[in-house]
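Chemist: model the structure of this input:
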Amino acid sequence: MPEKTLNARVLYRAKKRGWRVVRIQRSQVGIDGIHRTGTVKGFPDLMLFKAFPKMTDDWKPSDFDGGIVFVELKKELGKLDPEQEAWRDLIRGAGGDWHVFRPSDLRTGIIEEELNRG
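Modeler: As a prediction, the model looks like this:
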């Protein structure tokens, strides 16, 4: 399965479960060598955001626990490059939730399990 198809399937499932999704575009370098759009090399493909309300009678904004998940999409046998490994280590080192999603993760339910949090 191409990464583009995996992306579409993950986005559909995430949005269906109430996650807000930010898709990170790859940087484009002009002929002058200047980055025009996108982000730094190796940053995860997706950021998923969801707020989980706490059970209280008197609601206020501080009554929400948040969830942020960073996702790198890969073909089945695709490998992380050194920049992606560095971002993984940085995000996890800061207490973040970072995952690689592959086509087989759709079949095994790993993606569904992660998206069903909250």
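
Chemist: where along this protein do the helices fall?
Modeler: Shown for the chain, the helices assigned by DSSP state H span residues 3-16, 82-93, 103-108, 110-115.

Chemist: comparing those helices, which comes out most buried?
Modeler: Most buried of the helices of the chain, by mean neighbour count (mean count of other C-beta atoms under 10 Å): helix 110-115, with a mean of 17. Heads up, the C-betas are built off the backbone N, CA and C, glycines and all.

Chemist: and that one, what's its mean pLDDT?
Modeler: Mean pLDDT, computed over helix 110-115, is 92.

Chemist: what does it rub up against?
Modeler: V10, R13, A14, R17, W19, L48, V69, H99, F101, D105 (C-beta atoms under 8 Å, 6 or more residues apart in numbering).

Chemist: next one: the nearest residue to the second one once chain neighbours are set aside from R20, what distance?
Modeler: Meaning R13. Leaving aside its chain neighbours, R13 sits nearest to L115 (5.5 Å; criterion: C-beta to C-beta, 6 or more residues apart in numbering). Counting by C-beta to C-beta, to the nearest Å, the gap from L115 to R20 is 12 Å.

Chemist: between these two, what contacts are shared?
Modeler: By C-beta under 8 Å, 6+ apart, the residues touching both L115 and R20 are L48.

Chemist: in the longest strand along the chain, what's buried?
Modeler: In the chain, assigned by DSSP state E, the strand with the most residues is strand 64-73. When burial is assessed from 16 or more other C-beta atoms under 10 Å, strand 64-73 yields the following buried residues: V69, F70, V71, E72, L73.

Chemist: just put these in CSV and tack on pLDDT and distance to G42.
Modeler: Below are the buried residues of strand 64-73 laid out as CSV (pLDDT from 0 to 100; distance: C-beta to C-beta, whole Å):
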residue, pLDDT, distance to G42
V69, 92, 17
F70, 95, 11
V71, 96, 14
E72, 96, 9
L73, 95, 13
